[in-house]
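Participant: only geometry, no sequence info:
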């Protein structure tokens, strides 16, 4: 394993994602326009052999990402059915998502 590997675990949209510079990540919809830059909260940073988990040190770490576009997730069909009663309810859902491209970890 090379010693210059740099990646971070960030909190985005209620989940944790492993990101490196140049990665494209899909998270829950963010209130940002396409082309704008946002900053993600780092929970862990790996810089070569050095692993940082200290909250004070991570407060100085900036993970910036560019909003590529807003999109929708796959369609989910929800069907409720009860036998012999005529009860049948059908519902669908598509999650709203945002695609991000990580530009810098510093």
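Facilitator: Arrived safely, thanks for sending. Since the structure is predicted, the reported quantities are computational estimates derived from the model, not experimental observations.
Participant: next, name the residue at the spatial heart of the protein.
Facilitator: residue 27 (3.5 Å; C-alpha atoms, centre = their mean).
Participant: for that residue, give its distance to residue 61.
Facilitator: Separation of residue 27 from residue 61 (C-beta to C-beta, to the nearest Å) stands at 18 Å. Every residue, glycine included, has its C-beta placed from N, CA and C.
Participant: check residue 78 too.
Facilitator: Residue 78 sits 40 Å away from residue 61, going by C-beta to C-beta.
Participant: quick one, which of these two is more surrounded?
Facilitator: A side-by-side neighbour count of residue 78 and residue 61, using other C-beta atoms under 10 Å, places residue 61 first with 18 against 9.
Participant: dump the residue contacts of the closest residue to the more buried one other than its chain neighbours.
Facilitator: Leaving aside its chain neighbours, residue 61 sits nearest to residue 42 (4.4 Å; criterion: C-beta to C-beta, 6 or more residues apart in numbering). Applying C-beta atoms under 8 Å, 6 or more residues apart in numbering, we find residue 42 in contact with 8, 9, 10, 58, 61, 62, 63, 105.
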